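1. Sequence and computational prediction follow.
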Amino acid sequence: MKRILSGIKPSGELNIGGYSGALSQFVRNQEQFDCFYFIPDLHAITVYQDPKELRQRSRELAALYVAAGIDPKRSAIFLQSQVSAHAELGWLMETQAHFGELSRMTQFKDKSDGKDVVSSALFTYPALMAADILLYQATHVPVGEDQKQHVELTRDLANRFNNRYGETFIVPEPIIQETGARIMGLDDPSSKMSKSNPNVSSYILMLDEPAVIRKKFSRAVTDSDMSVRYDWENKPAVSNLIEIYSVFSDMDIPAVEKHFEGQGYGNFKKEIAEVVISKLEPIQQKFHDIVDSAELDAILRDGAERAAAVANETLTKAKQNMGFLVL
Ligand code: AMP
Ligand code: TRP
């Protein structure tokens with residue numbers, strides 16, 4: 001059986017980069033996989049989160065999962081903090097990870113760069129991520145490009161553990177889609193689209209209103225010649241917009257280029273806004289219908305129960321194999 005575990009941190013409002021690289025894949029993959037989709041709230045607190053905001057964002061993200069098309073009857077949707085096996089296996093995996101390999105994680109280097117103080121959890125976080133994945137015996141992990149290194153570390157830790165203690169975990173593979181795995185900022189195609197950019201026009205949020213989306217795309221940077229051509233080397237800004245267009249229109253890249261052949265940037269930017277809006281509007285509507293509902297609580301409770309059943313079984317096996325008395 002092929003199984004998926006993946007999630008998106010509730011540390012900021014979701015932008016269309018996270019939708020493109022992760023959430024849209026989560027929805028698509030339900031056809032072929034047994035899926036566990038969680039909200040890694042324990043990961044969010046590696047940097048300070050205001051408690052009220054953390055609660056609100058966790059709810060909002062869960063509502064977005066459902067609104068985007070994750071079907072809670074088919075896939076388990078749950079909060080990481082509701083399944084205590086994550087924290088427990090996270091500790092066990094920390095004992096398997098090496099200081100050196102954690103020091104090489106790009107995300108840690110980026111996030112700690114220039115800071116006087118960072119939490120120790122920011123450093124050990126990939127061990128917890130490995131635990132998340134391994135608990136479910138996931139065969140596949142759909143993520144954006146920036147998480148590939150963490151999934152590779154997960155594979156190393158799983159192999160190390162299996163070699164030391166006997167077959168315990170399935171060694172998972174990342175799924176990274178060809179288009180849209182790394183959406184860049186609208187203001188600068190050399191940096192990832194991210195909510196932490198102080199320039200709000202650099203990103204489109206999943207809950208942005210149509211007028212805001214139109215304005216942000218109209219401000220997006222382009223490249224010097226006027227053609228809508230996919231060429232990351234020479235035309236990164238336009239190539240980024242073409243990828244966004246492709247993800248939101250379900251057209252492939254050559255089809256997008258053909259569609260805009262002989263046209264300048266003006267019309268391209270107008271159309272891309274409309275394509276994004278038409279995908280986001282029904283998601284936003286559904287989001288508002290469920291975000292404060294008791295139905296959402298029930299979905300999360302049911303998801304946590306289903307998740308815990310699988311996770312606890314793996315945790316017990318790992319503890320037993322490591323030499324803990326299991327009474
Ligand atoms: P995060 O919000 O950092 O938890 O990221 C959630 C998921 O979205 C991860 O799988 C990331 O790789 C993916 N992701 C985040 N930002 C982007 C982006 N700009 N382009 C593509 N994927 C992204
Ligand atoms: N580290 C991921 C991110 O920053 C979130 C995450 C935590 C995750 N645990 C995971 C993703 C397990 C996939 C599988 O985006």
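-> Great, that's in hand. Ligands and ions are numbered 1, 2, ... in the order given.
2. per-residue pLDDT, Met226?
-> pLDDT recorded at Met226 is 87.
3. just checking, it touches Gly266?
-> No - taking contacts as C-beta atoms under 8 Å, Met226 lies outside contact range of Gly266: 9.6 Å. C-beta coordinates here come from the backbone N, C-alpha and C atoms, glycine included.
4. residues of the biggest helix by length in the chain that come out buried?
-> Longest helix in the chain, counting residues (DSSP state H): helix 294-322. By neighbour count on 16 or more other C-beta atoms under 10 Å, the buried set for helix 294-322 is 296, 299-300, 303-304, 306-308, 310-311, 314-315, 317-319, 321.
5. Over to stretch 41-58?
-> Buried positions in stretch 41-58, judged by neighbour count with 16+ other C-beta under 10 Å: Asp41, Leu42, His43, Ala44, Ile45, Thr46, Gln49, Leu54, Arg57, Ser58.
6. Check whether that stretch comes near ligand 1.
-> No - residues of stretch 41-58 contacting ligand 1 under C-beta under 6 Å from any ligand atom: none, with a closest distance of 7.4 Å.
7. Give me the mean pLDDT for stretch 93-108.
-> Per-residue pLDDT over stretch 93-108 has a mean of 97.
8. The protein against ligand 1: which residues are in contact?
-> So the chain meets ligand 1 at 8-9, 17-18, 20-22, 143-144, 146-147, 181-183, 192-193 (C-beta under 6 Å from any ligand atom).
9. Of those residues - the most surrounded one?
-> Ile183 (27 neighbours; other C-beta atoms under 10 Å).
10. Need the residues that contact stretch 94-105.
-> Applying C-beta atoms under 8 Å, 6 or more residues apart in numbering, the contact partners of stretch 94-105 are 108, 123-124, 126-128, 130, 149-150, 153, 156-157, 160-161.
11. Output that stretch in PDB, but only the C-alpha positions, please.
-> Extracted C-alpha coordinates of stretch 94-105, given in PDB (Å, rounded to 0.1, in the frame of the first residue of the first chain):
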ATOM      1  CA  GLU A  94      17.200  13.100  17.900                       C
ATOM      2  CA  THR A  95      19.400  10.400  19.300                       C
ATOM      3  CA  GLN A  96      19.900   9.100  15.800                       C
ATOM      4  CA  ALA A  97      20.600  12.400  14.100                       C
ATOM      5  CA  HIS A  98      24.200  13.700  14.100                       C
ATOM      6  CA  PHE A  99      25.100  17.300  15.100                       C
ATOM      7  CA  GLY A 100      27.000  17.600  11.800                       C
ATOM      8  CA  GLU A 101      24.200  16.700   9.600                       C
ATOM      9  CA  LEU A 102      21.700  18.900  11.400                       C
ATOM     10  CA  SER A 103      24.300  21.800  11.000                       C
ATOM     11  CA  ARG A 104      24.200  21.300   7.300                       C
ATOM     12  CA  MET A 105      20.500  21.900   6.900                       C
END
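12. so which of the contacts of stretch 94-105 would you say is closest to Ser84?
-> Distance to Ser84, by C-beta to C-beta, is smallest for Leu128 among the contacts of stretch 94-105, at 12.6 Å.
13. what is the mean pLDDT for stretch 204-221?
-> Across stretch 204-221, pLDDT averages out at 98.
14. So what touches that stretch?
-> 13-16, 18-19, 60, 64, 186-189, 193, 195, 200-201, 203, 237, 241, 269-270, 272-273, 276-277, 280-281, 283-284, 287.
15. Right, I'll leave it there.
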